[in-house]
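A.B. asks: Pasting a predicted model and its sequence here:
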Amino acid sequence: MNQLSFSDVLIKAGIDPKDVKLIRHAYSDKCFSACAEANLIKEYTSHQKNGFSKGYKYWAIFISSQSTLAKFYGIYEVGDSVPDSRDKAPKGLPDIYAKEYVGKNAIFDLTPIDCLKEYENKLIVEWGNATRSWHQKATNEKPIISIVPDSKKVFNGFEDLILDYDTLKEIVEDSVTYESFQIALKSIYAIYLIVDKETGKQYVGSAYNKDGLFGRWRVYVETGHGNNKLMKEVVCDYPERYHAFQFSILQILPKTVTDDEIVHIENRWKDKLLSKKFGMNDN
């Protein structure tokens, strides 16, 4: 099954992706951060170069705090524009950005539309490595990593994901609370690391079958050892030891990678970490 993309959401809402420009703001930008703090995200976005919206009816705004993930903020219908003279600067605009209003660019009229309101501040996409391309066509596929319902656990990205066995068990067994985690883990192939926190021994594995990393880690929850020979021996000698296993990701892999390439990458990690000599890898 193909991964859901933001363009699919637009089409479902009756909007042609060709009519939509995607805009990504980042909190690392001091001007944007100041405007966001002043609750002026719409006003900040409306200030662009002349001709910025040529050929587009809508702007979809995303906000990123770290890495290449971006959260959907809202979608706006674009109207006419006026020169950005100083007297047209929005009230309360931070000084760090107000100085940009010198009459050379444009202020676009943006009207929020409600057709995607259910996704606002909940839908997270993978923007991709070209984060410098902060505005793009909506026909550029942006895979949806998660859609976080209210009051549910929020998946905040792969980079900081470190799970003990008991937390992983909760994620696997609770598809309501941890829906966003399950969606994210199913979306990737990966090289992963398991560490026995009692001994420090490491196991390097790979996930590239149905349901991606989620499907592979689910086996550890069901068995306690993932059917790995040396880990099995540990759990046999110490039946409760799997509670001390820690799970993390070493490398995310595209689903286009071949099985042989994955095995090569996995073996490279085993060599780097010496997990066959000192850890729980037996081959």
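C.D. replies: Yep, that arrived. Everything quoted here is computed from the prediction, not taken from an experiment.
A.B. asks: CA only for contacts and neighbour counts going forward, please
C.D. replies: Fine.
A.B. asks: Next, the buried residues of stretch 175-184.
C.D. replies: For stretch 175-184, burial by neighbour count (16 or more other Cα atoms under 10 Å) applies to 177-184.
A.B. asks: no wait, stretch 265-273
C.D. replies: For stretch 265-273, the neighbour count (16+ other Cα under 10 Å) marks 265-267, 269-270, 273 as buried.
A.B. asks: hey, what's the most centrally placed residue in the chain bridged with?
C.D. replies: For the chain, the residue nearest the mean C-alpha position is residue 69 (3.7 Å; Cα atoms, centre = their mean). The residues listed as beta-bridge partners of residue 69 by DSSP bridges are residue 126.
A.B. asks: In terms of secondary structure, what does the lowest-mean-pLDDT helix or strand in the chain contact?
C.D. replies: None of the helices or strands of the chain scores lower by mean pLDDT, DSSP states H and E than strand 144-147, at a mean of 86. For strand 144-147, the packing partners by 3 or more Cα pairs under 8 Å, 6 or more residues apart in numbering; DSSP states H and E come out as strand 123-126, helix 179-186.
A.B. asks: low-confidence ranges in this protein?
C.D. replies: By pLDDT under 70, the low-scoring segments of the chain are 1-2, 65-66, 130-132, 149-152.
A.B. asks: ok, and what's touching the longest helix along the chain?
C.D. replies: Across the chain, the longest stretch assigned as helix under DSSP state H is helix 259-273. Contacting residues not belonging to helix 259-273 are listed as 191, 204-206, 208, 276, 281 [Cα atoms under 8 Å, 6 or more residues apart in numbering].
A.B. asks: and these, which two are the farthest apart?
C.D. replies: For those, the maximum inter-member distance is 21.0 Å, found between 208 and 276 (Cα to Cα).
A.B. asks: So for the two, which sits in the more crowded spot?
C.D. replies: Neighbours per residue, other Cα atoms under 10 Å: of residue 208 and residue 276, the larger number sits with residue 208, 22 against 17.
A.B. asks: Grab the nearest non-local neighbour of that one.
C.D. replies: Excluding the flanking residues, the one nearest residue 208 by Cα to Cα, 6 or more residues apart in numbering is residue 189, at 4.9 Å.
A.B. asks: Pull the contacting residues for the one you found.
C.D. replies: Neighbouring residues of residue 189 by Cα under 8 Å, 6+ apart: 206-209, 212-213, 252-255.
A.B. asks: Are any of the residues you listed buried, and if so which?
C.D. replies: For the contacts of residue 189, buried by 16+ other Cα under 10 Å: 206-208, 212-213, 252-253.
A.B. asks: ok, so of these, who is nearest residue 154?
C.D. replies: Distances from residue 154 to those, taken by Cα to Cα, are shortest for residue 213, at 17.9 Å.
A.B. asks: give the contact list for the closest one.
C.D. replies: 185-190, 207.
A.B. asks: which one of those residues sits closest to residue 59?
C.D. replies: Residue 59 lies nearest to residue 187 out of the contacts of residue 213, by Cα to Cα, at 26.6 Å.
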